[in-house]
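>>> Sequence first, predicted model second:
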Amino acid sequence: MPKPRKTLISLEATPYYHCVSRCVRRAFLCGDDTQSGNSFEHRRGWIRDRLFQLADVFAIDVAAYAVMSNHYHLVVAVSKAEADAWTGDEVIARWHRLFAGNLLSHRYAAGEPLLVVERRALDALIALWRQRLTEISWFMRCLNEDIARKANSEDGCTGRFWEGRFKSQALLDEKALAACLAYVDLNPVRAAMADTPETSAFTSVQERCEAAAQATAPNEPTQQPARLLPFVGNPRQDMPKGLPFRVTDYLDLVDWTGRAMREGKRGVIDSHLPPVLERLQIDPKHWLYMTEKFESQFKGLVGTAFRLKAVCQELGYRRTPNAGACRALLA
């Protein structure tokens, strides 16, 4: 039985989440439909444009994405501290970019004076909107509703376009985060939609490869794609906002993983392991298995067995889901 979303998302445990939404009817999200002969390739642009429009409004950064034929993947990072630092005026301005607001918020934005009781009501609304601008459920709702309306209008039909719930997985530590990032970025290669990561259209890894090829110092956050959460290097004191790896190490890891998976040599591991695997102490065979089956192998919470048990206790779980898989693959 599916768990309530609030039991799967805990910003105290981790800011990183893997989200997946799938189409519910046979019509394609994107790509070419061989049955009807219609092409829906342009819808990939809808999703990417809307995704980064929302990331500019919410306190949520996009770490990875891949738009496939009938579903899409996201890895996002929630920045509650960023939302807490917004002024009330900024919260209202951000909310008005997506929603109509109400009479009080528009009167305040226009500079009209408010009564004390009206100001109290507005402050309560600002607190609610601030919270919602950090919630993955509201982020996914704004993304999926917009795409569904456009697709239904284009198809001349009504009804559901997406499955009832998007799938989410909490990434509790660096091992889970690295495996999930690579899993998302290698989706087109695994599906035979692209030969290499850099030719995988509508993916974050393609954007990162293009930026790295043009950069003089690719590991500098300022020379990475501005709209993606940057790689800021290995964990250290005074860690800046970003992913805890070097982008060059990560791209090397994705390339190595894609070659091993595509060539069908899962039993033969190259003697030169990417430094990320060595630092995280992940068995190469376990790594290849995770980056092929991450979504199906883990449910809800993903991390080392120790971290998983601690978070489950914090969330009040009576059992520890994924304990066997996490112990075997992320030990």
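Arrived safely, thanks for sending.

>>> give me phi/psi at R44?
In this entry, R44 is assigned phi and psi values of phi -60, psi -40 (degrees, to the nearest 10).

>>> Give me the neighbour count for it.
Residue neighbour count, defined by other Cβ atoms under 10 Å, stands at 18 for R44. No exception for glycine: its C-beta is placed from N, CA and C like everyone else's.

>>> Could you report the neighbour count for the closest residue to V205 other than its chain neighbours?
Counting by Cβ to Cβ, 6 or more residues apart in numbering, D185 is the residue found nearest to V205 once chain neighbours are left out, at 3.7 Å. When neighbours are counted by other Cβ under 10 Å, D185 registers 29.

>>> My guess is D185 contacts D255. True?
No - between D185 and D255 there is no contact under Cβ atoms under 8 Å: 10.3 Å.

>>> Residues that sit against both of those two, list them.
Both D185 and D255 are contacted by P197, under the criterion Cβ atoms under 8 Å, 6 or more residues apart in numbering.

>>> any idea how far the residue nearest to V205 is from S204?
6 Å (Cβ to Cβ, to the nearest Å).

>>> who touches both of those two?
When contacts are counted by Cβ under 8 Å, 6+ apart, the set common to D185 and S204 consists of 64, 66.

>>> related to what we said a few turns ago, identify the residues contacting the residue nearest to V205.
Contacts for D185 were tallied using Cβ under 8 Å, 6+ apart; they are 64, 66, 197, 200, 203-205, 254.

>>> Out of these, which sit inside helices?
Cross-referencing the contacts of D185 against helices under DSSP state H gives 204-205, 254.

>>> For the longest helix along the chain, buried residues please.
The residue-count maximum for a helix in the chain (DSSP H) belongs to helix 136-155. The neighbour-count check on helix 136-155 (16 or more other Cβ atoms under 10 Å) flags 136, 138-140, 142-144, 146-148, 151 as buried.

>>> the strands in the stretch 101-250 of the chain, which residues?
167-171 (DSSP state E, counting those that start in this stretch).

>>> Show me the shaky parts of it.
Along the stretch 101-250 of the chain, no part satisfies pLDDT under 70.

>>> Which element, helix or strand, includes the residue nearest the centre of the chain?
Centroid-nearest residue in the chain, with Cα atoms, centre = their mean: V75, separated by 1.9 Å. Element membership for V75 (DSSP states H and E) is strand 71-78.

>>> ok, which stretches of this structure are helices?
Per DSSP H, the chain carries helices over the ranges 43-55, 80-85, 88-96, 103-109, 116-132, 136-155, 174-185, 187-190, 204-214, 247-262, 275-280, 284-297, 305-315, 323-329.
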